[in-house]
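A.B. asks: Here is my input; please provide its structure:
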Amino acid sequence: MLKQNEMIERYDPVGTDGQLELGAGSSPTPGYIHNDIRPLNHIEIVCDIREIANYVKSGWTTIKMAHCLEHFSPAEAKKIVKICYDLLAFSGALTIDVPNFKWQTKAHTFQEISDEEAVYFIYGEQDYEENTHRNGFTEASLTKLLTDTGFRAIVNDIGQVLIGTGVKWED
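C.D. replies: Numbers count the residues shown, from 1 in each chain. Below is the predicted model of the structure:
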């Protein structure tokens, strides 16, 4: 956490490809500036996502979060998506991949996955403190989250995962 009056250099999308990946983890996407709460290889910005605006300037063309937003409560997720909206340039896009709660519950109900797998999918791996699921998403709830924070949204249900894209159309 930043201390009061602490000065840091903020990442600027100008001079990069304008691509920021939040919660990149151990498999960061090439071509992005990467963030994670853990100091892993290829992570340029080590901080909690909720503090990312302290480390980057606005004007990004693309922000990506893959299997990250489910680790936050619904209220926190909304704040994080709003932060992303504020960091994006006009017509910039936010892409969010999250587990599909409807797929999880249906797969468990129809015994396509075991009890153990259902617990893993619903609650997360829990191999470190932040790797616990605190939220679940459906196509409707992810669409609502994106539109409630100002995005024009498209959400694709690809089975086990939902892929939401929000485009910023207003400044």
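A.B. asks: Look up phi and psi at the most centrally placed residue in the chain.
C.D. replies: The centre of the chain sits closest to M65, judged by CA atoms, centre = their mean, with a distance of 3.1 Å. Main-chain dihedrals, M65, degrees, to the nearest 10: phi -130, psi 110.
A.B. asks: Would you map the strands across the chain?
C.D. replies: 19-22, 33-36, 45-46, 60-66, 88-99, 151-157, 161-168 (DSSP state E).
A.B. asks: could you dump these to CSV with distance to H133 and mean pLDDT?
C.D. replies: Heads up, the C-betas are built off the backbone N, CA and C, glycines and all. Shown next, in CSV, are the strands of the chain (distance: least, CB to CB, whole Å; pLDDT from 0 to 100):
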stretch, distance to H133, mean pLDDT
strand 19-22, 17, 98
strand 33-36, 17, 97
strand 45-46, 22, 96
strand 60-66, 14, 98
strand 88-99, 7, 98
strand 151-157, 18, 98
strand 161-168, 13, 98
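A.B. asks: and the angle from the top helix by length along the chain to strand 151-157?
C.D. replies: As assigned by DSSP state H, the longest helix anywhere in the chain is helix 74-87. If you take axes from the mean of the first three to the mean of the last three CA atoms, to 10 degrees, helix 74-87 sits at 120 degrees to strand 151-157.
A.B. asks: centre of the chain versus helix 74-87, how much separation?
C.D. replies: 9 Å (CA atoms, centre = their mean, to the nearest Å).
A.B. asks: Identify all contacting residues around it.
C.D. replies: With CB atoms under 8 Å, 6 or more residues apart in numbering as the test, helix 74-87 has contacts from 20, 22, 49-50, 52-53, 56, 58-60, 63, 65, 69, 72, 94, 96, 134-135, 145-146, 148-151, 166, 168.
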